[in-house]
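>>> How does the following fold in three dimensions:
(one chain, ligands or ions: 1)
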Amino acid sequence: MEVVAEGVDGKLIISVASGKGGTGKTTVASNLALSVGYCQFLDYDVEAPNSNFFLKPEIKHVQKVTIKHPYFLTETGADFSACADFCHYNAIAALKDEVIFFPELCHGCGGCKLVGPKGTVREKDVVVGEIRKGPAKPNIDFSMGDLKPGSMRTTSVQNALDKLITKDGLVIIDSPPGTSCAMVFAVKDCDYCILVTEPTPYGLNDLELSVGVLEKLNKPFGVIINRDGIGDNKVEEYCNKNYIQILAKIPNDREIAKYYSRGDSLIDYDSSWKKKFENILKGIEKELQT
Ligand code: SF4
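Okay, here's the model as predicted:
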C-alpha cells in the first residue's frame, strides 16, 4: 500500500527525535519509511549516522561538504587585530608578527576577511563531512550526512542536507539525539515530531527536555514508547497528564532486538507493524488537518 502524504504546503516533514541516544529513534524512523514505502528519508544524525544499516540504500552520489577557512598573509606585515576582535568564536589570536588560527573553532562565516586589511585575508575550502545519496527499497529517496571525524561543523553538514529536501510528498528526518543545536536544526522545519523514549527514569527525564524544546518551537508532537515493559509506567503517566498522544508502544522483546542487531526491520519481524506505522502516519495527517 502506498501512502502519499501531503502537508500544508504540499509536503509533510516528520522528524523523529529522542532525548538520548539508543532509545530506538532510528528504528522508528526507518520502519516508518519502510512501512509507508514512498518518501524521502534524510539522516541528520551526522555524528553517528546508522539508518543506512536498516534501509540499505544503494549510494549513487557522494558530495563533499566544505566550509571556508581563512588564512592570513602575515608576510605583508598587516595588522590582523581587527580579525581577532571580530571573531565571535575566538578562532583567531593576532600577535605582533604572527596569527594563530584555531580551525576547530572557525565557523567559516567569512567575517574576518571582510574586516581584515584589504587583500591580506584569503580563504580556502576545508572538508567537514560528506553527503551520501541513493535509492532504497521499496521507493525511498535516501540521503545521509556524515561528519568528518574531529570536525565540529555538524550544522554545516545538516545544512547541506536541508538543501536536498524535496518540494512535496513525505519527508522523514532522523534527528540527532538530545536537545542540542543539532537536534533543533533537525526539527526546526518539521510539521510534526515523533519523540521516541523508553519507560525508565532516564527516558522520562530526557523526554521532558525534548518536550520543552518542541513546545518552545511550537511543534506538534507525539510519543512512541520503545522497549515497553522495562522500567515503570511514569512515562505513560507523564504523557497522559500532559495530554501528549502516545502513538505506539513497541514491546521489549529479545527477538525484536535480534532482528535489529542484524539490520532487519520491525516489519520483517512482525508484518502487522507495517499497518501500525501507516496508521500512525494517517493519524498525524489527520491531526495536522484539524
Ligand atoms: S571565518 Fe568567521 S569564524 Fe572563522 S575565523 Fe573568520 S571570523 Fe572567525
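>>> And for residue 30, nearest residue in space, chain neighbours not counted?
residue 54 (3.9 Å; CB to CB, 6 or more residues apart in numbering). Any C-beta I mention is one placed from the backbone N, CA and C, and that applies to glycine too.
>>> for the ligand, what are the nearby residues on this protein?
70, 86-87, 89, 91-92, 106-112 (CB under 6 Å from any ligand atom).
>>> Just the buried ones from these, in ChimeraX syntax?
Applied in ChimeraX, the following selects the buried portion of the residues of the chain next to the ligand according to 16 or more other CB atoms under 10 Å:
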select :70,87,91,92,106,107,108,109,111,112
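>>> Most widely separated two among the residues of the chain next to the ligand?
The span of these, defined through CB to CB, is set by 86 and 108 at 13.9 Å.
>>> In terms of helices and strands, where is the residue nearest to residue 30?
Assigned by DSSP states H and E, residue 54 belongs to helix 51-55.
>>> by contact count, what packs against the helix or strand just after that helix?
Following helix 51-55 in sequence order, the next helix or strand is strand 61-72 (DSSP H and E). Contact analysis of strand 61-72 by 3 or more CB pairs under 8 Å, 6 or more residues apart in numbering; DSSP states H and E lists strand 99-101, strand 121-136, helix 154-162 as its packing neighbours.
>>> Packing partners of the last one?
Helices and strands in packing contact with helix 154-162 are listed as strand 61-72, strand 121-136, strand 139-147, helix 181-187; criterion 3+ CB pairs under 8 Å, 6+ apart.
>>> Any idea which of those gets closest to residue 242?
helix 181-187 (18.4 Å).
>>> With just CA atoms, put the closest one into PDB.
What follows is helix 181-187 as a C-alpha-only set of coordinates in PDB (Å, rounded to 0.1, in the frame of the first residue of the first chain):
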ATOM      1  CA  CYS A 181      21.700  22.800  18.400                       C
ATOM      2  CA  ALA A 182      21.900  19.800  16.100                       C
ATOM      3  CA  MET A 183      18.600  18.400  17.300                       C
ATOM      4  CA  VAL A 184      17.000  21.900  17.000                       C
ATOM      5  CA  PHE A 185      18.300  22.100  13.400                       C
ATOM      6  CA  ALA A 186      16.700  18.800  12.600                       C
ATOM      7  CA  VAL A 187      13.300  19.700  13.900                       C
END
